[in-house]
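Participant: Sharing a model prediction with you, sequence too.
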Amino acid sequence: MEQESCMDTPPTNHNQFVDMHRILTALSHNDFEPALTWCASNRKFLTERQSTLEFALHRAQFLALLLSPTDPDARQTAINYSKQHFPALYAEHRPAIQRLLTSVLFAKPGLAGSPYADLVQGPDAASLFAREYCARLGLGEQVPMKVAIDIGGSGALARIEKGRKIIKDARTGWSTADELPIEIPLLPQHRYHSVFICPVSREQASETNPAMMLECGHVVAKESLGKLTKGAAK
């Protein structure tokens, strides 16, 4: 695929994705240590994003230990794990941790039918890890080809073709090469950044006409700011 697309993948990116696959494979076998090690190495990044990844991993590890079918002393093993790892997370995740610890009373032979049965259906730690790992690389979690197929198959191509036909029939052109002449509706998971519309010109901000913040806190497009400045100077 890389050869067909005539694109070169930097060796660094290749190695990073190999590492991500290694960690995800470990998670699929209830081995949380590699993912937690990655969290420790990237704690500043995760904290700035207010990520819950580290807690999600400890939560999943706790439940895996608690519900282990091979450990005859699973409840005590889980309690020992909680004493080691939950104190540092308690201030931020107090209610969730309290429920986890109370669930120990109902964990034998399992949580099914108990008030804590929903804990088993908690957040997918593997998906959350993949999202944070890709974010650390500045990439989206989803495969680019899948995103293109999802958007194109949802009617985007038909809309673009219709817009192109209208422009052609009207004998007009579209001079902006990196923008579309019509709006393409996207699902929430495919909206990767917010869109700013200038309240003065009613135009969408772009790389050449970015949003600019005034001293008063209001935000306008760069071109509008230039016009306002010129108007005030007269």
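Facilitator: That came in fine, so what should we check first?

Participant: Name the next helix or strand downstream of the worst-scoring helix or strand of the chain on mean pLDDT, please.
Facilitator: Sorting the helices and strands of the chain by mean pLDDT, DSSP states H and E puts helix 144-151 at the bottom, at a mean of 72. Using DSSP states H and E, the helix or strand that directly follows helix 144-151 along the chain is helix 157-169.

Participant: re the thing from before, got the angle for the least confident helix or strand of the chain vs helix 157-169?
Facilitator: Interaxial angle of helix 144-151 relative to helix 157-169 (axes from the mean of the first three to the mean of the last three Cα atoms, to 10 degrees): 70 degrees.

Participant: Would you mind listing the buried residues in helix 144-151?
Facilitator: The neighbour-count check on helix 144-151 (16 or more other Cβ atoms under 10 Å) flags 147, 151 as buried. Just so you know, the C-beta spots here come from the backbone N, C-alpha and C atoms, and that holds for glycine as well.

Participant: Equivalent analysis for stretch 218-234, please.
Facilitator: Buried residues in stretch 218-234 (16+ other Cβ under 10 Å): 220, 221, 223, 224, 225.

Participant: One more: stretch 70-80?
Facilitator: Quick answer for stretch 70-80 (16+ other Cβ under 10 Å): 74, 75, 78, 79.

Participant: Just name the closest of those to residue 165, please.
Facilitator: residue 78 (63.1 Å; Cβ to Cβ).

Participant: mind checking which helix or strand that closest one is in?
Facilitator: helix 74-85.

Participant: what sits up against that helix?
Facilitator: Helix 74-85 has contacts (Cβ atoms under 8 Å, 6 or more residues apart in numbering) with 58, 61-63, 65-68, 71, 97, 100-101, 104, 107-108.

Participant: ok, so of these, who is nearest residue 42?
Facilitator: For the contacts of helix 74-85, the minimum distance to residue 42 (Cβ to Cβ) is 15.6 Å, reached by residue 58.

Participant: I'd assumed residue 86 was in contact with the closest one.
Facilitator: Yes. With contacts counted by Cβ atoms under 8 Å, residue 58 reaches residue 86, the gap being 7.0 Å.

Participant: the more surrounded of these two?
Facilitator: Per other Cβ atoms under 10 Å, whichever of residue 58 and residue 86 has more neighbours is residue 58, with 24 against 20.

Participant: How is the protein divided into domains?
Facilitator: Using automatic domain parsing, the domain parsing of the chain gives 11-136, 194-233.

Participant: Centre of the chain to the least confident helix or strand of the chain, how far?
Facilitator: Remark: helix 144-151 is offset 16 Å from the chain centroid, using Cα atoms, centre = their mean, to the nearest Å.

Participant: likewise stretch 111-121?
Facilitator: 27 Å.

Participant: Could you do stretch 76-83 as well?
Facilitator: Worked out by Cα atoms, centre = their mean, stretch 76-83 lies 30 Å from the chain centre.

Participant: re earlier: give the rounded mean pLDDT of the helix holding residue 78.
Facilitator: When pLDDT is averaged over helix 74-85, the result is 96.
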